[in-house]
Every structure is written in C-alpha cells, then in structure tokens.
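S.K.: Below: sequence and its predicted model.
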Amino acid sequence: MKKIDLAISVRNLNLWYGEKQALFDINMPIVRNKITALIGPSGCGKSTLLKTLNRMNDLVDGTRVEGFVEFDGKNIYAPDADVLEIRSRIGMIFQSPNPFPMTIRDNITYGPKIHGVKNKSDLDYIVEDSLRKAALWDDVKDRLDTYAMAMSGGQQQRLCIARALSINPDVLLMDEPTSALDPIATKKIEELAVELAEHYTVAMVTHNMQQAMRVADYTGFMYLGKLEEFGETAQIFNDPHNKLTREYITGSFS
Amino acid sequence: MVSGKATEKSIGGNSDESGGKKFDFGKKRRSRLIDPDFVPRLVLTALALSAVLIIFFIIIYIVGESLPAFKEIGLWNFLTGDIWYFNPNYPADDPDPGRFGAKPLILGTILVTAGSVLIAVPAGVGAAIYISEIATEKARNILKPVIEIFAGIPSVVYGFFGMAVLGPMFVRLLPGLFQYPSSWFLGSVILGIMALPTVISVTEDALRAVPRSYRHASLAMGATDWETIRKVVLPAASSGIITASILGIGRAMGETMAVVMVTGSSPIIPEPLYNIFSNITTLTAAIVNHMPEVARDGIQYSSLFALALILLVSVLIVNLTANAVGKRTKRKMGIGKKSKRFPNLSEKIEVFSDNRLFNAIKMQRSRMFSLFWIILIFTFVTLMSTLMVSDLFSIVIGLSATSVYIAATVFVNSLNSTDRQVLAYGGLKLVIVLILVVLGVIIGDIVVKGLPAISFEFIFDSPSDSGVSGGIWPAIVGTVQLVGLSSLIAFPVGMGAGIYLALYAREGRFTNIVRQAVDALNGTPSIVFGLFGMSVFVLAFGWGPSLIAGSFTLALMVLPVIIKTTEEAISSVPVNLMQASMAMGSSKWQAIYKVVLPAAAGGVITGLILSLGRTAGETAPIMFTATVAFSSAASMSLFEPVMSLSYHLYNLAMEVPQAMENTYGTALVLLVMVLSMFLLASLVRNHYSKHNRW
C-alpha cells in the first residue's frame, strides 16, 4: 500500500445522544487534498459523523464521544484540545445557506475579525481572496456592502463557502451543501468543491449518489450508525464489497 | 488593497506560492488560559438566577401574606361571602375590621369581563377577518398600526374618557336607566374597547397561519372568497380564535384604573343579576380602593393580598388555557417550530379531513343551532327589556327581535353566494369603520379638548390650586424619572435572563417552570405589583412612597415582559447562524454578541421601547408606591415621592372636577408621550425588518 497523507484520521469513534448510541466504532481516513463523501440513508449518522470532525456535536446537549479523531497529530477530543482552534482550522458549510444578516463584506470579515485581524487592507485582501476562491467575486464585487440576504440561494451558499475560507482552514466539511439548491447552482458548487480540493481537504455528506460519483475521490457508505464500507469512489460504486452498499447504490434498498 | 490580478489565477491561496499574505488564524489562541465563555456565562447565569428568584419571591410573598385572611375567615367564606366592607375606623377607633366576603368582587369581575367579551370578541374577530383576508395590502399596512394605537392608550386615559364623555352621554340618552354616569355597562364598554387590540392581533395571527393551499383548494372548487373564509379558513383557525378570546378575557380581567374610574367602585351584587345599569366593582378596583386605608399587618391588609392571589390564580388559569389551546392549533396546522420550513404533509391532510368531518357534523346540527340562537336572542333581548319597560312589553320586544333575526336569516339564505359575500363584506367593513370611529372619537376628544390647555406655562410650571391652574412640569419630570430608573433596573436583568433562557438554559423541567413563572407574572395585573411594591418597598423596607420604591415596583412589572420579548426575539434568529459562527471557531459568547444579538436587535429594541411606553402609562403600580398628588417642584431625590402624569390625570379626574381643562391637557401630554414611544417602536421594527429575512 502506498503512503497516504491523512488530514484527519477517525479511530474507534463511538457517539451517544443521551442513552442512544448514534455512531458505532467508526474508523475512517480523510485524505489530504482529496474529496471524501459520506453517503447513506436518512438518519444513518453521516451528518453526525461529519459534525464530530470539528466538534460541532458539542453544541447538542447530552452528547458523549469516545474514541479518537486525529487532526494535526493530536486527538481533537483530548481534554486539553482547544475546540475554538480546531473549528477555526476545520471549517463547515451547512445544509441550507446561512449567511449572517449582514452585508456581504461583513459576512467575510466576520471570521478574521474574531480571530484578531484588524487592519483594513488585510481585511479587504481577505474579502477579495475568499470571494475569488468561492467563484463569487465577479458577481458581487460591485455590491459588497449590500445585504447578503438579497442574493440567490446558490450565491448565498458560495458566500458561506467564502466565509468559511476567510480564515484559511485546512479542512472544509460540507453537510449536504446543495440540498437546498437548484441543479445549476448545484453544479457550480460541485465544480467549486473540485477546485477547492487542490488546496483544501474536503469532506462532504451527500444525499445524492451521483454527486458523490461526480466529485468524490473517496466514498464511505453508512448505515444505522456504522461505516459499512469505505474506499475509492470508483470501487464503491463499481465493485462494492458489502451487500448493504450494493443494495443501496443499486436502489434495491429496503 | 492588493491587486486583483495577483490572486485571480489561483483558486485557493492558503499556500505561499499564490503570492498572497498568510494569516495564522487560531494560532494565538493557544495561549488562552481560561475558557472565553466563562465570564459571560457566569454573568448571564447570575442575572437569570436573580430574575428567577425575584419572580418566585413575588409569588411566594403574595401567597404568604394572603394566608392569614384565608385562615381567619376560611377559604370558602372568603370566596362566597356576600358582603365586602372595610371598617375605616379599624383598628384605631373600632376593633371590628369589617366583612370580607369577596363574592361581589369576584362576581363583579366576571360580569364586567363577560360584558366586555361580548363587545370585544365579535368586533375583534370581524376586524381581524377584514384586515387579514379582505383588506388590500395598502389598507392593511395602515390598519394594523392604527389598531396598535388602541393598545398604546394608557388605562387612565380610557377611564377618563369613559367618565368624562361616555358616562354622561349614556345618562343623557337614557336618563331613566342610568342613575349614575358610572355603571357595569360602561365598564364593559370601556374594557371591551381595551381588549380589542389583543383579540384582533391574536386572531389575525391565527388567520395568517392557515396555509395558502387551503384557500386555493377551496377557490379551485368554485367557492367564493367569503365561502372560503367561512367554511375553510375560520374552522382551520378556530382554536386560534378561541385563544384570542381567552387572552382578551385575561386582558379585561386584569384591568384596574379604567374600572375604578367608570364602574362606581361599589361592592354590590347587581339586582337583578343582569342589571347592566347597576354600579359594580371588581377585584382589581377593590384593591385600589382599599390600599390607602390599610395598615401593614392585620386582616384588612391580608385580605387585599387574598384578592391579589385570587386574581393571580384566575389570570394564570386563563392564560394557561389560552396557551394550551394555542399549542393545539400549532400542532394541528403543522406550524410548530420544527415543521415551519417543511410542513408535514400528512398532518395537513389529517386536518383537512378533520375539518370536513367537522363541517358535516355542523351541517346536521345547523337546525338545532338556529334554534339555539333564537332562544338566546329572545332571552337576552327580553331580559334586557325588563330593565327598561314592563314585563309584558318586554316579551313583545323579545319576540319581535327574534322574528327580525329569523327574517334576516331567511333573507340571507335566499341570496346567491355572490350577494351573500357582498353582504358579509359590507358587515365586516362596518365593523372596521366603527372601530376606527371609536378610536377617532377617543383621540379626537382628547386632542381637541386638551390642546387649549397646552401652553408653555402648562408644560413648564408647577400645579397650583389643586391642579386647577398651573402646569404639570413636576409630573412630566416624575414620569421620566420613574421610566428611566425602572428601565435601568429591569433592562439588564431582564435581557440577561432572556438571553440565558434562549441560548444557555438546558431544556428540562426547571427551565419549563421558569418559563411558566415568567408567563404567570407577565399576565399578572399591574395592581398586584402595586400591592407587592407597597408592602415590600414602601412599608417593609421603610422607603415610603418614593421614586426608588415606585421604580422598583415598575421594574418588577416589566421584568417578565423584557425577559419574554428578549427570549422570543433571540429564538426567532435561526440556530444555523450561531452554528456558522461557532464552526469558524468563535466562542459561544462571540457568536451571541456579534451575530445573534445584532440579528435579534430589532425585536429586542422594539420590545424595550414598548415596555418604556407601557411603564409611562401605568398608574396602578405607582399610585401607592411612588406618587404624590401635588408637588411644587420636580424632586431630584431617590427617596422623595414624585408626581406622575398618569396619577396626576387620575387624581384630577377623580378629585378635582373643576380642573377639566387641565385634566384634558394632562391626558393629551400623557397620550403623546406614550404613543410616540409606540411610533418609535414601529419605526425601529420597520427599519430592522428590511434586512433580516430568513
């Protein structure tokens, strides 16, 4: 086996919501500068797994996690881990676009400001750079000080991506980033994800198997809180080893 | 600004080769010693805890102080005794404290409230239907704020209008019946007007919540707009309309000053029971009337707390009922918090079939129903007529009213559906016009008769000759002082507690109890706070009637309002905004402070301004805790009593009839002050609602 550079490595991860166990003994690599997709039926735990990667599950009362999520050589669940630093290096894009009710510019400068960037020209640089990376600059460069809520859904989602990029994370987590978008906006986000993977590591949850096939380098199939199968996307879709995976991707899932 | 070209070619600039700058976000955080969330959480928890302690203390205090009365007189005797009499010479000259049978007061509260509901519910529901379903967008945008003005007019101003204009008018119109300008009937009319905005706004919300698809389904089958409203929209909103009516009842029950001013304050049971021309009094009014007489401790004092407790419990029951009905509506229509974005389809279908069933049963019952209405109309008209004419003639009047009703029903049924719609819309329009006329008359009367009093001297002079001459400057200053100081006390605690409840409190039994306690105090009549404030701040703390005692009393009164509006405004901000911030490594407090609070600012600020307006117009909580009838100059001491516009108006209206012009002038200044707060609040709301859409 060739040596693979891992951005995140999940090992023996279990998660409970109160009494109910939601994730069972997950082992999964997230390969650097690749796109990893998680697929599976609703309620299988794929979003939960994604949220454990930047500890957003901490926000849910009664969540308990056991196991390791290794990032940058350290377990992010270690007692001395700095949650805020972890989240600033592992960004997240949410299911439906959630720009802040502020101007486009303020949306982008929000993150840098809370992390201590004050200089106006630095902030201007970040705004342009982030919007360019999110392929939004040309659309909005003349109206940076208008409110973000006036944009289309697809633009809003790209703004959210730009906002996540503004603090230069290593990893981008995308939780069904196109589920609220139309096909054209979806296509743009997919293309953007592929471009972003040149410089960032991307992990995404998707409902849409074609999306996983189109964009992902690696794919994991989850079912009832377990990672049933993980591998290169081509292998998962063409030659699944697991019976459940085969049933799911062929649509004969019951 | 870095040149655009440098970065244009490279998507992704986190490596140095793009030529851009590199920022090391998060690195410097490593030196952080304590959790950045610790201090805000500590402060908010402390604020929330103190709010909770205050609220529970008030409730426990009222229960505790009322126990002696219940013990001595017996709960049953207290509730059902026929005579309510305070011996004014007790305890100094006469050992007999009086008689403590609260039945006349309880009955009075029920009767006055019932009368007001008969006015407020039909008019309010009609108006809401017109505003929500029939009016054009433009008309609606005018009508809604106009209706809100009703809610903004202070209770004393309504009371003053009732005693100065409506009461004398009734006596002039029906001189044989109204012996006094004050009566149960007048009380019900005034309270009915006061309950209108509550009924209208809650009904309108319920109508709005009925999904468009229901209306479209009905219209697509060839139903007229009116048929759609009657057969689909109203049944679907029925529990919301019931909630509106119940909340209207709660509003009327807790009303104090207007009732004191227009019902005659006589603790008698009307004879016969339906004699709407009789004088009457209510629980709230009785507390106001006796508060100045009683000494701390003793049976009289305790009996007032017993009245307050009865009020507290009744209003609580009314509000809890309204909440329960309201929750049911939300569940039924699939408009609960969770399903807002993706309404559950199956639930909708269920409701629809539910309604069809409902309609089918209704149709079978319709014959019985019209019989029910016939009997009701006959009984009501006949009984009312016996108050005015002989029994035999009353029956004739009752019969003719019934036949008019039957003829009208037959006539309406003979019309085709388009004509019926024209008729119904005409009726609703009439209701709206009537409401606007009433509002216009009240405001017009006060403006027209108040303007002549307004002059530089009136505003900036002190009152002289019992207020007949001179001005109101000390009252204006006193009102501003009371409003300012009470806000200073209530805002931080209330907002802190609201933020805590919305964002930090863990859902569970304790949080629920806290919410319920907040709700309970939110609906509590303001006179209850007045009684509490007098007992604790004025007497127990020994502050005497003073600016500080009044401010604390007012602060307690608005505290639950502020907690609730803050919590609601914050809860309306989508959770995912906070998540987005925290996903970038902000602390929870940073997310709250920089994202959630600004997004909720419109709602919070609107709520705060409205509470300022409400405080400025209040009389009952301050009349025994803070105010003095006359003072020659504005006081600047915390421990001196102050004048207030509301109490000055009450005092002039009740005690100094020869000061009519100055009374109107005072009413006008108070009205302008309070309504300008409401105007400001709606400007703020409009300003913020432009940008916050989610």
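M.R.: Here it is on my side, so go on.

S.K.: Pull stretch A:81-99 out as PDB, backbone CA atoms only.
M.R.: These are the backbone C-alpha positions of stretch A:81-99, laid out as PDB (Å, rounded to 0.1, in the frame of the first residue of the first chain):
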ATOM      1  CA  ALA A  81      -7.700  20.200  22.900                       C
ATOM      2  CA  ASP A  82      -8.700  23.800  22.000                       C
ATOM      3  CA  VAL A  83     -12.100  23.500  20.400                       C
ATOM      4  CA  LEU A  84     -12.100  27.000  19.100                       C
ATOM      5  CA  GLU A  85      -8.800  26.500  17.400                       C
ATOM      6  CA  ILE A  86     -10.000  23.200  15.900                       C
ATOM      7  CA  ARG A  87     -13.000  24.800  14.500                       C
ATOM      8  CA  SER A  88     -11.000  27.700  13.000                       C
ATOM      9  CA  ARG A  89      -8.900  25.100  11.100                       C
ATOM     10  CA  ILE A  90     -11.700  22.800  10.200                       C
ATOM     11  CA  GLY A  91     -14.400  24.900   8.500                       C
ATOM     12  CA  MET A  92     -18.000  23.900   7.900                       C
ATOM     13  CA  ILE A  93     -20.700  24.500   5.200                       C
ATOM     14  CA  PHE A  94     -24.200  23.800   6.200                       C
ATOM     15  CA  GLN A  95     -27.200  22.200   4.600                       C
ATOM     16  CA  SER A  96     -29.100  25.400   3.700                       C
ATOM     17  CA  PRO A  97     -27.200  28.600   3.100                       C
ATOM     18  CA  ASN A  98     -26.900  30.600   6.300                       C
ATOM     19  CA  PRO A  99     -25.300  33.900   5.600                       C
END
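
S.K.: Identify the residues contacting the most centrally placed residue in chain A.
M.R.: Taking Cα atoms, centre = their mean, the centroid of chain A lies closest to A:Leu173, which sits 1.4 Å from it. Residues in contact with A:Leu173, defined by Cβ atoms under 8 Å, 6 or more residues apart in numbering or on different chains, are A:Leu50, A:Lys51, A:Leu53, A:Asn54, A:Ile90, A:Gly91, A:Met92, A:Ile93, A:Ala203, A:Met204. C-beta coordinates here come from the backbone N, C-alpha and C atoms, glycine included.

S.K.: at 6 Å instead, please
M.R.: Listed by Cβ atoms under 6 Å, 6 or more residues apart in numbering or on different chains, the contact set of A:Leu173 reads A:Leu50, A:Leu53, A:Met92, A:Ala203.

S.K.: give me the residue from the stretch 1-150 of chain A nearest chain B.
M.R.: Nearest to chain B, among the residues of the stretch 1-150 of chain A, is A:Ser88, at 2.9 Å (Cβ to the nearest Cβ).

S.K.: returning to that earlier point: give the pairing partners of the helix or strand where the residue nearest to the centre of chain A lies; include direction for each.
M.R.: Element membership for A:Leu173 (DSSP states H and E) is strand A:171-175. Strand A:171-175 has the following sheet partners, assigned by DSSP bridges: strand A:90-93 (parallel), strand A:201-205 (parallel).

S.K.: Mind putting those strands into CSV with mean pLDDT and distance to A:His241?
M.R.: Putting the strands paired with strand A:171-175 into CSV (pLDDT from 0 to 100; distance: least, Cβ to Cβ, whole Å) gives the following:
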stretch, mean pLDDT, distance to A:His241
strand A:90-93, 91, 30
strand A:201-205, 95, 22
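
S.K.: Those strands into TSV, with extra columns for mean neighbour count?
M.R.: Listed next are the strands paired with strand A:171-175 as TSV, based on neighbours: other Cβ atoms under 10 Å in any protein chain shown:
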stretch	mean neighbour count
strand A:90-93	27
strand A:201-205	26
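
S.K.: TSV for those strands, including distance to A:Tyr125?
M.R.: Shown next, in TSV, are the strands paired with strand A:171-175 (distance: least, Cβ to Cβ, whole Å):
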stretch	distance to A:Tyr125
strand A:90-93	19
strand A:201-205	24
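
S.K.: quick one, what contacts the residue lying closest to the residue nearest to the centre of chain A once chain neighbours are set aside?
M.R.: Leaving out its chain neighbours, the residue that sits closest to A:Leu173 by Cβ to Cβ, 6 or more residues apart in numbering or on different chains is A:Met92, at 4.5 Å. Under the criterion of Cβ under 6 Å, 6+ apart, the contact list for A:Met92 reads A:Asn54, A:Leu173, B:Ala583.

S.K.: Can you tell me which helices and strands the least confident helix or strand in chain A by mean pLDDT packs against?
M.R.: Sorting the helices and strands of chain A by mean pLDDT, DSSP states H and E puts helix A:83-89 at the bottom, at a mean of 87. Under the contact definition 3 or more Cβ pairs under 6 Å, 6 or more residues apart in numbering or on different chains; DSSP states H and E, helix A:83-89 sits against no other helix or strand.

S.K.: So which residues on chain A come close to chain B?
M.R.: Within chain A, the positions adjacent to chain B are A:61, A:82, A:84-85, A:87-89, A:92, A:94, A:98, A:100-101, A:111, A:114-115, A:124-125, A:129, A:132-133, A:147, A:149, A:167-168, A:195, A:198-199 by Cβ under 6 Å from any Cβ of the partner chain.

S.K.: Could you pull out the helices in the stretch 1-150 of chain A for me?
M.R.: A:46-52, A:83-89, A:104-114, A:120-133, A:137-140 (DSSP state H, counting those that start in this stretch).

S.K.: would JSON lines of those with mean neighbour count be doable?
M.R.: Shown next, in JSON lines, are the helices of the stretch 1-150 of chain A (neighbours: other Cβ under 10 Å):
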{"stretch": "helix A:46-52", "mean neighbour count": "23"}
{"stretch": "helix A:83-89", "mean neighbour count": "22"}
{"stretch": "helix A:104-114", "mean neighbour count": "23"}
{"stretch": "helix A:120-133", "mean neighbour count": "21"}
{"stretch": "helix A:137-140", "mean neighbour count": "16"}
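
S.K.: Of all those helices, which one comes closest to B:Phe86?
M.R.: Proximity to B:Phe86 (Cβ to Cβ) singles out helix A:104-114 among these, at 63.0 Å.

S.K.: same question for that closest one, mean pLDDT?
M.R.: Averaging pLDDT along helix A:104-114 yields 90.

S.K.: Was I right to think A:Asp5 contacts A:Lys34?
M.R.: No: between A:Asp5 and A:Lys34 there is no contact under Cβ atoms under 6 Å: 9.3 Å.

S.K.: mind checking pLDDT for residue 97?
M.R.: Looking at chain A here, since you left the chain open. Predicted confidence (pLDDT) for A:Pro97: 87.

S.K.: let's do chain B instead
M.R.: On pLDDT, B:Pro97 comes in at 83.

S.K.: Kindly report the same for B:Ile361.
M.R.: On the pLDDT scale, B:Ile361 gets 48.

S.K.: in which helix or strand would I find the closest residue to chain B within the stretch 101-250 of chain A?
M.R.: Residue nearest to chain B within the stretch 101-250 of chain A: A:His199 (2.9 Å; Cβ to the nearest Cβ). Under DSSP H and E, no helix or strand contains A:His199.

S.K.: Could you check how many residues crowd around it?
M.R.: Neighbour count for A:His199, taken as other Cβ atoms under 10 Å in any protein chain shown: 18.

S.K.: Relative to B:Gly613, how far out is it?
M.R.: Distance, A:His199 to B:Gly613, using Cβ to Cβ, to the nearest Å: 55 Å.

S.K.: In the chain, where is pLDDT below threshold?
M.R.: Since no chain was named, I'll use chain A. Counting by pLDDT under 70, chain A has low-confidence residues at A:1-3, A:253-254.

S.K.: try again with chain B
M.R.: Filtered on pLDDT under 70, chain B yields the residue ranges B:1-34, B:328-369, B:690-694.
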